[in-house]
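Q: sharing a sequence plus its predicted fold:
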Amino acid sequence: MIARYTRPEMGNVFKPERRFDWMLKVETTVAEVQAAHGLIPAEAAKAIREKGRFDVARIEEIEKTTRHDVIAFVSCVAENVGEHGRWIHYGLTSSDVLDTALSLQTMEALTVLRTSLHKLIAGLQKRAREEAATLCAGRTHGMHAEPTTFGMKLAGFWSEFQRHDTRLARALENISIGKLSGAVGTYSTQGFEIERDVCAKLGLKPETIATQVIPRDRYAEVFSALALLGGGIERLAVEMRHLQRNELGEAVEAFAKGQKGSSAMPHKKNPITAENLTGVARLLRSYAQASFENMALWHERDISHSSVERVIVPDAFILAHYACERMNDLVSGLEVQADAMKRNMDLSGGMLFSSHLLLALVEAGLSREEAYAHAQRLSHSLKLGENLKDAAAKDPEVKKLVKPEVLDDVFSGRRHREAVKGALERAGLWK
């Protein structure tokens, strides 16, 4: 992933040496467990633990000859360990180390990502509480529908991102897997007890039945969760883009001192963060597609998944982390324009309250069909600058059925505030 989208917390997880750190951790733990079971000399495990280290440049140099990165890594570590280096990687195949280390690295990445996501969830909760009673137009098909509050809008996203966190937690559990069963997964070079004890030390569970690799449906689940998270970020980003249009102006991204919106048009304040995150979501979905295609490997293994994962694992996590951090910045700095929300609600001349006029007519004795016809007739007959409440108050049919004080209540917004208050109180968000 390019540096522009890499935040340090996640970038550190995917530095080249970090992958080898985890591989060395696996090799060292395996040697200690093997020594405890009498498979290798105790002094060999001690030497591997105390002297085992690597140099990325040396690994790359060896790989030019071996054309095999794991062999290059093992050879580099063995050079530093000395005579006991021959016991490194004893009874293992490359995928044992690669897959177990990748599980550990993915667990680390998921932990960093969830920390960032928790900040976004907290930010949405805070802003939802602040704007719990701020009335605005709810829209369907892009058109005015009924009043809601801006806090209610944000509460929906707050709730959704909690579901994304739940999915990531489930993916974390299902990727916390180790595999040390050797070539084609039969434990022919060492018994299950080695895998069991190593996994216990590393905080992993042994794979139930492996081939030569950890089955890639586990990673497909991780990338599905990342894609869904991206979809949630895009949904919020699209909402923010719409609300910032000049015709609405209901919420505006923070604009920093010295920031420029256009090289040609000095007045411009563009929804650049929301637009950027819309694009990020497209990439996250594409990574999920690649992870699904990685599931079908030939027989007990091939390496068609390897080249894909070298790209999509760091890229997807770095990008998802960036998206959470940047969306949190957008939400926390968002300028809410309550006056513009009120102005926009007034544009529809009270038609936002037509459903409650319908209900008042039903309560007065009309059938739903008759009530609907009256409310629709009055709404569709309004001319520019006219108001549905005034039209209803003057209409002979409505005047006979609905008292003025009932009309006042219908068009006051009280019912909508009370309804939103109840929903947000149940969610613990009413301020």
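A: Structure received.
Q: so who does residue 80 touch?
A: Each residue near residue 80 by C-beta atoms under 8 Å, 6 or more residues apart in numbering is listed here: 51-54. C-beta: built from backbone N, CA, C; applies to glycine.
Q: dump the stretch of helix or strand it belongs to to CSV, restricted to CA.
A: Following DSSP states H and E, one finds residue 80 within helix 69-81. Provided in CSV are the C-alpha atoms of helix 69-81 (Å, rounded to 0.1, in the frame of the first residue of the first chain):
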residue,chain,number,x,y,z
ASP,A,69,12.0,-17.4,0.8
VAL,A,70,11.4,-19.8,3.7
ILE,A,71,14.6,-21.7,3.0
ALA,A,72,16.5,-18.4,2.7
PHE,A,73,15.0,-17.4,6.1
VAL,A,74,15.9,-20.7,7.8
SER,A,75,19.4,-20.6,6.3
CYS,A,76,19.9,-17.0,7.6
VAL,A,77,18.8,-17.9,11.1
ALA,A,78,20.9,-21.1,11.1
GLU,A,79,24.0,-19.1,10.2
ASN,A,80,23.6,-17.1,13.4
VAL,A,81,22.8,-20.1,15.6
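Q: next, the buried residues of the helix or strand following it.
A: The helix or strand immediately downstream of helix 69-81 is helix 94-130, counting by DSSP H and E. Within helix 94-130, the residues scored as buried using 16 or more other C-beta atoms under 10 Å are 94-110, 112-114, 116-117, 119-121, 123-129.
Q: tell me the average confidence for helix 94-130?
A: Here helix 94-130 scores 97 as its mean pLDDT.
Q: and what of stretch 146-163?
A: In this model, stretch 146-163 has a mean pLDDT of 96.
Q: next, the buried residues of it.
A: Buried, per 16+ other C-beta under 10 Å, within stretch 146-163: 146-158, 160-161.
Q: which elements pack onto the helix or strand that contains residue 360?
A: Element membership for residue 360 (DSSP H and E) is helix 354-363. For helix 354-363, the packing partners by 3 or more C-beta pairs under 8 Å, 6 or more residues apart in numbering; DSSP states H and E come out as helix 368-380, helix 388-394, helix 404-410.
Q: can I get the CA coordinates of stretch 262-273 in PDB?
A: C-alpha atoms of stretch 262-273 as PDB (Å, rounded to 0.1, in the frame of the first residue of the first chain):
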ATOM      1  CA  SER A 262      -9.800  24.000  -6.200                       C
ATOM      2  CA  SER A 263      -6.900  25.300  -8.200                       C
ATOM      3  CA  ALA A 264      -9.200  27.400 -10.300                       C
ATOM      4  CA  MET A 265     -12.300  28.200  -8.100                       C
ATOM      5  CA  PRO A 266     -11.300  29.800  -4.800                       C
ATOM      6  CA  HIS A 267     -14.700  29.400  -3.300                       C
ATOM      7  CA  LYS A 268     -14.700  25.600  -3.400                       C
ATOM      8  CA  LYS A 269     -15.100  23.400  -0.300                       C
ATOM      9  CA  ASN A 270     -15.400  19.900  -1.600                       C
ATOM     10  CA  PRO A 271     -16.400  16.700   0.200                       C
ATOM     11  CA  ILE A 272     -12.900  15.200  -0.400                       C
ATOM     12  CA  THR A 273     -12.800  12.900   2.600                       C
END
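Q: which parts of that stretch are buried?
A: 270-271, 273.
Q: out of the residues you listed, which is nearest to residue 134?
A: Taking C-beta to C-beta as the measure, residue 134 lies nearest residue 271 of the buried residues of stretch 262-273, at 19.9 Å.
Q: for that closest one, give me phi and psi.
A: According to degrees, to the nearest 10, the main-chain angles of residue 271 amount to phi -80, psi 60.
Q: what of the one 10 residues further on?
A: Its backbone dihedrals place residue 281 at phi -60, psi -30, with angles given as degrees, to the nearest 10.
Q: thought it was touching residue 323?
A: Yes - between residue 281 and residue 323 there is a contact under C-beta atoms under 8 Å: 7.4 Å.
Q: gap between residue 120 and residue 165?
A: Distance of residue 120 to residue 165, computed by C-beta to C-beta, to the nearest Å: 9 Å.
Q: what about the strands in this structure?
A: For the chain, applying DSSP state E gives strands covering 135-140, 143-149, 177-178, 205-206, 251-252, 335-336.
Q: buried deepest among the ones you listed, which one?
A: strand 177-178 (a mean of 25; mean count of other C-beta atoms under 10 Å).
Q: who are the packing partners of that strand?
A: Applying 3+ C-beta pairs under 8 Å, 6+ apart, one finds that strand 177-178 contacts helix 94-130, helix 192-202, strand 205-206.
Q: could you dump the ones you listed into a markdown table with distance to residue 293 added?
A: Formatted as a markdown table, those follow (distance: least, C-beta to C-beta, whole Å):
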| stretch | distance to residue 293 |
| --- | --- |
| helix 94-130 | 17 |
| helix 192-202 | 28 |
| strand 205-206 | 26 |
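Q: quick one on the thing from earlier: report the angle between the axes of the helix holding residue 360 and strand 143-149?
A: Put simply, helix 354-363 runs at 80 degrees to strand 143-149, going by axes from the mean of the first three to the mean of the last three C-alpha atoms, to 10 degrees.
Q: buried residues, helix 354-363. List them.
A: Neighbour-count burial for helix 354-363 flags 354, 356-358, 360-362 (criterion: 16+ other C-beta under 10 Å).
Q: how about the CA coordinates for it, as CSV?
A: C-alpha atoms of helix 354-363 as CSV (Å, rounded to 0.1, in the frame of the first residue of the first chain):
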residue,chain,number,x,y,z
SER,A,354,-48.7,14.3,5.3
SER,A,355,-48.6,10.8,6.8
HIS,A,356,-49.7,12.2,10.1
LEU,A,357,-52.4,14.3,8.5
LEU,A,358,-53.6,11.0,7.0
LEU,A,359,-53.6,9.4,10.5
ALA,A,360,-55.6,12.3,11.9
LEU,A,361,-58.2,11.9,9.2
VAL,A,362,-58.5,8.2,10.0
GLU,A,363,-58.8,8.9,13.7
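Q: centre of the chain to stretch 214-222, how far?
A: 17 Å (C-alpha atoms, centre = their mean, to the nearest Å).
Q: repeat for stretch 270-283
A: Using C-alpha atoms, centre = their mean, the offset of stretch 270-283 from its chain centre is 14 Å.
Q: next one: stretch 110-125
A: Offset of stretch 110-125 from its chain centre (C-alpha atoms, centre = their mean): 9 Å.
Q: ok, and what's touching it?
A: 9-10, 13, 154-155, 157-158, 161-162, 164-165, 168-169, 171-172, 175, 222, 229, 317, 320-321, 324-325, 327-328, 331-332, 429.
Q: what do you get if the cut-off is 6 Å, keeping everything else the same?
A: 9-10, 154, 157-158, 161, 165, 168, 172, 320-321, 324-325, 327-328, 331-332 (C-beta atoms under 6 Å, 6 or more residues apart in numbering).
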